[in-house]
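J.: just need the structure, nothing else, for what follows:
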Amino acid sequence: MKDEPIMSAMSVPVSLGSSESSAPSGASASLSSASPGRRAPESVADVSAPVPSPKPSLGERLGQWFGRSAGKAGGQGGGPKDGRDGKVGKGGKGGKVDEADGKAVPAKLSPRAQSALRRQLTQCLSARLTDSAANEAARDFMTRYSAASREEQLALLTVVADICASDGNALAEAGKDGDGASAKRAGSGGLAGALGSARVRFLKRFNALPDGLPFLVRWRADMLDHRAALPGLAALEDDLGSLFSTWFDVGLLELHPITWDSPASLLEKLMRYEAVHEISSWADLRNRLDSDRRCYAFFHPRMPREPLIFVEVAFVPDMAADVHSLLDEKAPLEDLRRIRWAIFYSISNTQPGLRGVSFGNFLLKRVIDELQVDFPKLHNFATLSPIPGFTDWLRQLSPQALAEALGPKRMKRVAQEVAQEVVQEVGQEVGQEAALASQISGAQMVAWLQTSPERKSEQALQRSLGEALAAHYLARETVRGQPRDPVARFHLGNGARVERINWHADLSKKGAKQSCGMMVNYLYEPDELDANLQRLIDGEPALGRAVSRLL
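T.: Now for the predicted structure:
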């Protein structure tokens, strides 16, 4: 594969003497898509560069080298940043979709149908929980909504939003005519309390129905999708989220292993819900459920065939450094008598409707307890985790912010590499290497980190800078006092420690796009979890020595 110089990939504009040239644009980094974990990973494709004009001057040549575009606006390889590749979004059940933004267009309800629906919903909101007619109306609505197309569901949601956002007298009276707790809440909070108690009773009515809880989980997912377009849903969705925190309390959940002998319907859901490393085939799934692997999931007693969250575990002799070896179907089975590490390499939430309901942190702790029962000599637990927000964060850094993140020593190494490239290309020094290096932006750095240099010195620099930037991102970048990266926020919030950055650990298209192929190990030491959590609260997340040296 052709080498891509650091100068070209980083695209730093330059003008020397009186000659000025505008940088040609259009170069974009494209990634070779490695098979997800099936065989030895391939390297990332290089950046293609435009051909310079014939017989350029020295200034024009340097302008071309340093002025190439780091890729079109948007995501990797010029693709859309938000992941919308031009395809229509959810087109549920063959319904109509607005081609402009991929959103469903609500079906039109006749005035008579709207009036009947309003009476039905008002009855569900206002009547006591023991009212059989209101309970039957709720059952009818649930059946109708579940069978409706996406556009019809949106039309029904629109009416629900309008009713829940209204200040009608019927809902005010509902707080007074309901059960004792609701009436007390209505009396203490006036109209707002009455409306709130009516909404809660409305949701509890559905929860009391057979299959009502799964319906509410799916319904909240739809509410979250349409909340921005239907502001009236906000209060109802908030109430439902609060109720879910109680109804899905970790004390009510059941931890069960998933094995190759589990029902086929459950295994199919495992394949569909896997969110970290796609399960490409039944053979791939069987490999992940082999004798040296484990998979555990939380279930709710009222949703016994629906995993809420699951974790995949691999037993290995050393802390895993790349996902490709973990997912290699041809790798020999590990001797369970000699295993030293349990690696959590994939954790997937399965229910969008349970967003904000926290039970993932309890999952790993419960699984560690289970593993220690089965393997009393097993004491080492770590993850092999993606860094999903890394490239998006790095891409928006200005040259000054990038230089601050790297520090003066690493910026000096960048300048030295630039100088070496210049000498090789033109046979002489130009004396502006440090200035050129200081103009490198985060977007240009991303493009260069996603290339595959041939020279060993550039490979070493690329790895050094990539790992240093990843360590800075995980340990120093925060949002409202919490780690900026969502996966780091989850594991550090559990009391884990950022143990090691792994270069080229995931060279799949997804891994290269979101983190330039890097992954991270979070170490779980059961006796240190509380102390590490306190360090995070104090603003100093727990770091391993290898990560501390990168800062």
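J.: sec struct for Glu329, please.
T.: Following DSSP: H, G, I helix; E, B strand; the rest coil, we place Glu329 in the coil state.
J.: any idea of the pLDDT on it?
T.: pLDDT recorded at Glu329 is 93.
J.: how many neighbours does it have?
T.: Other residues near Glu329 number 15, with proximity taken as other C-beta atoms under 10 Å. Heads up, the C-betas are built off the backbone N, CA and C, glycines and all.
J.: please report phi then psi for it.
T.: Torsion angles at Glu329 (phi, psi; degrees, to the nearest 10) stand at phi -70, psi -20.
J.: for the remainder of this discussion, apply numbering that starts at 537.
T.: In the new numbering, first residue 537, that becomes Glu865.
J.: now do the contacts for Ala819.
T.: Counting by C-beta atoms under 8 Å, 6 or more residues apart in numbering, Ala819 makes contact with Glu865.
J.: wait, a strand at it?
T.: No - going by three-state DSSP, the assignment for Ala819 is helix, not a strand.
J.: quick check: the gap between it and Glu865.
T.: 6 Å (C-beta to C-beta, to the nearest Å).
J.: for Ser921, name its beta-bridge partners.
T.: Counting by DSSP bridges, Ser921 is bridged to Val1056.
J.: do I have it right that it meets Tyr1060?
T.: No - contact criterion C-beta atoms under 8 Å: Ser921 and Tyr1060 do not qualify, at 11.5 Å.
J.: the two - which one has more neighbours?
T.: Between Ser921 and Tyr1060, Ser921 has the larger neighbour count (other C-beta under 10 Å), namely 27 against 23.
J.: tell me the SS of His1008?
T.: Look at His1008: counting by three-state DSSP, its state is helix.
J.: for burial, what's the neighbour tally of it?
T.: 19.
J.: wait, it sits on Val1083?
T.: No - applying C-beta under 8 Å, one finds His1008 not in contact with Val1083, separated by 10.0 Å.
J.: and what about the residue nearest the centre of the chain, helix, strand or coil?
T.: Nearest to the geometric centre of the chain sits Pro924, at 6.0 Å (C-alpha atoms, centre = their mean). Here Pro924 is recorded as coil under three-state DSSP.
J.: any idea how far it is from Arg664?
T.: Counting by C-beta to C-beta - Pro924 and Arg664 are separated by 47 Å.
J.: chain center to stretch 998-1015, what's the gap?
T.: How far stretch 998-1015 lies from its chain's middle: 18 Å, per C-alpha atoms, centre = their mean, to the nearest Å.
J.: check which helix or strand the residue nearest to the residue nearest to the centre of the chain when sequence neighbours are not counted maps to.
T.: Distances taken as C-beta to C-beta, 6 or more residues apart in numbering place Gln1050 nearest to Pro924, at 4.9 Å, with adjacent residues excluded. Assigned by DSSP states H and E, Gln1050 belongs to helix 1045-1051.
J.: likewise Phe780?
T.: Using DSSP H and E, Phe780 sits within helix 770-783.
J.: could I get the buried residue list for the next helix or strand after that helix?
T.: Next helix or strand after helix 770-783 toward the C-terminus (DSSP H and E): strand 790-793. Across strand 790-793, burial judged by 16 or more other C-beta atoms under 10 Å covers His792, Pro793.
J.: please apply the same query to stretch 746-754.
T.: Neighbour count says stretch 746-754 has Gly748, Leu749, Pro750, Phe751, Leu752, Val753 buried, by 16+ other C-beta under 10 Å.
J.: repeat for stretch 893-903
T.: Using 16+ other C-beta under 10 Å as the test for burial, stretch 893-903 gives Val893, Phe895, Gly896, Asn897, Phe898, Leu899, Leu900, Arg902, Val903.
J.: least confident of those?
T.: Ranking the buried residues of stretch 893-903 by pLDDT puts Gly896 at the bottom, with 76.
J.: was I right about that residue contacting Ile883?
T.: Yes - counting by C-beta under 8 Å, Gly896 does reach Ile883; the two are 6.5 Å apart.
J.: for those two, list the residues in contact with both.
T.: With C-beta under 8 Å, 6+ apart, Gly896 and Ile883 have common neighbours Ile845, Phe1026.
J.: quick one on the thing from earlier: could the buried residues of stretch 893-903 go into TSV alongside secondary structure and distance to Leu844?
T.: What follows is the buried residues of stretch 893-903, written out as TSV (DSSP: H, G, I helix; E, B strand; the rest coil; distance: C-beta to C-beta, whole Å):
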residue	secondary structure	distance to Leu844
Val893	coil	9
Phe895	coil	7
Gly896	helix	9
Asn897	helix	13
Phe898	helix	11
Leu899	helix	9
Leu900	helix	14
Arg902	helix	13
Val903	helix	14
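J.: adding distance to Leu645, write those residues out as TSV.
T.: Formatted as TSV, the buried residues of stretch 893-903 follow (distance: C-beta to C-beta, whole Å):
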residue	distance to Leu645
Val893	32
Phe895	38
Gly896	39
Asn897	43
Phe898	43
Leu899	42
Leu900	46
Arg902	46
Val903	48
